[in-house]
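[1] only geometry, no sequence info:
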C-alpha cells in the first residue's frame with residue numbers, strides 16, 4: 001500500500017509491502033506515485049526471490065549517480081578512476097547479471113588483482129566496491145544478499161610510520177627555488193608551497209587547495225572548511241591555524257588579492273600530485289608521500305596540545321585512528337623526553 005502527503009519540499013511517498021517500509025520525497029505528486037509503483041514492484045520481486053536482470057556495470061553506474069557524484073571532487077575523481085579500471089579490466093564480470101555474481105566470481109577478481117597490486121590496494125578496492133551490494137540489497141532490491149562475506153580479503157597492513165624530516169623538506173624547497181616570503185607563481189613553486197602549508201596546518205591536500213580569501217580568516221586564525229572528507233561525520237570544520245601558518249597564508253592572500261582572485265592556488269590536486277612526485281624523486285627523497293606530511297604535522301602538534309585538541313585540529317572523530325595512523329613519534333624521540 002502506498003500513501004502520499006504534501007510536505008514543504010514536495011510530495012512524500014510511503015510504501016509498505018511484505019513487512020518492508022520505504023519512504024521517499026519527490027518534487028511532484030506524479031513523480032512520487034511513479035517511485036511508489038516501482039518500489040512496490042521491487043519489494044514484491046525481492047520477497048519472491050525475483051530480481052531485475054541488471055548487470056554489474058549498470059549497478060556501478062547507478063551507484064556513481066547516487067553516491068559517488070555527491071562526494072568531494074577529488075574523492076569522487078579517485079573513485080571514478082577505480083570504477084573505470086574495474087569495469088575495463090574485468091569485462092566478463094562487468095557484463096554479468098548482478099544478482100548472479102557469486103563469491104567465486106569475486107574471489108577470481110581478488111586473485112587476479114593480487115597478481116598485479118599489493119594486498120593493501122586490493123583491500124582498498126574491495127572497501128569501495130562492497131557498498132554497491134549494500135545499496136542493492138537494502139534499497140534497489142537487485143539482489144537478496146551480498147556475496148562479499150563469502151571471500152577472504154587480504155589482512156589490513158600495518159600503519160605507516162614514515163614522517164618528513166626538515167632536511168628532506170629543505171632539499172625539496174631548494175630544488176623548487178621557493179622562499180616562504182615570496183608567493184609561488186609556477187605550478188612547481190605552488191606544489192612546494194603546499195608542502196609548507198601541510199606541515200604547518202596538518203591538512204589534507206584537497207583541503208589545502210580549497211583555501212581562499214573567502215574561507216580563511218587570518219585575523220581570527222581560522223580556516224572555515226564546509227566540505228571535506230569526514231563532513232558526513234563531523235559537519236563543517238573550523239580549523240585553527242598556528243601563527244606560522246598564518247604568516248605563510250598572508251603571503252598567499254596578498255598574491256591572490258593582487259591577482260584579483262579568491263583562490264590561493266591555481267593548480268589542481270592531480271597536478272600537485274604529479275609534480276610532488278617529480279620534485280621528491282629529483283632530490284632522491286625516498287618513500288615520502290604527501291599525506292605523510294599531515295602525519296608529520298600532527299606528530300609535532302601532539303607535543304604542544306592535548307589529544308582532544310589535536311582531534312579538533314585534524315577533524316578526527318575516532319581517536320584510535322588518530323593515534324594509530326597519524327601519531328608517528330619514534331621510540332627514540334619519546335625516550336629523549338623521559
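    Done, it's in. These numbers come from a predicted model, not from an experiment. Numbers count the residues shown, from 1 in each chain.

[2] what about residue 239, which SS state?
    strand (DSSP: H, G, I helix; E, B strand; the rest coil).

[3] residues contacting residue 35?
    Residues in contact with residue 35 (CB atoms under 8 Å, 6 or more residues apart in numbering) are 13, 24, 26. C-beta here means a position set from N, CA and C on the backbone, and glycine is covered the same way.

[4] actually residue 242, not the one I wrote
    200-201, 221.

[5] and those, which are buried?
    200-201 (16 or more other CB atoms under 10 Å).

[6] mind listing the strands for the stretch 1-150 of the chain?
    Here the stretch 1-150 of the chain has its strands, by DSSP state E, counting those that start in this stretch, at 2-7, 10-17, 20-26.

[7] from those, which stretch is densest packed?
    Greatest average neighbour count among the strands of the stretch 1-150 of the chain goes to strand 10-17 (a mean of 18), per mean count of other CB atoms under 10 Å.

[8] and that strand, what does it pack onto?
    strand 2-7, strand 20-26, helix 29-47 (3 or more CB pairs under 8 Å, 6 or more residues apart in numbering; DSSP states H and E).

[9] pairing partners for the second one, with directions?
    As defined by DSSP bridges, the strand partners of strand 20-26 come to strand 10-17 (antiparallel).

[10] average pLDDT across the strand it pairs with?
    The average of the pLDDT scores along strand 10-17 is 86.

[11] number of nearby residues for residue 207?
    Using other CB atoms under 10 Å, residue 207 has 23 neighbouring residues.

[12] cool, residue 146 as well?
    18.

[13] test my guess that it contacts residue 129.
    No: checked against CB atoms under 8 Å, the pair residue 146 and residue 129 is beyond contact range at 10.4 Å.

[14] still on that earlier bit, okay if I get the contacts of residue 35 as a markdown table plus distance to residue 100?
    What follows is the contacts of residue 35, written out as a markdown table (distance: CB to CB, whole Å):
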| residue | distance to residue 100 |
| --- | --- |
| 13 | 31 |
| 24 | 28 |
| 26 | 31 |
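
[15] so after the helix or strand residue 279 falls within, what's the next helix or strand?
    Using DSSP states H and E, residue 279 sits in helix 269-282. Note on helix 269-282: by DSSP H and E, the next helix or strand toward the C-terminus is helix 290-301.
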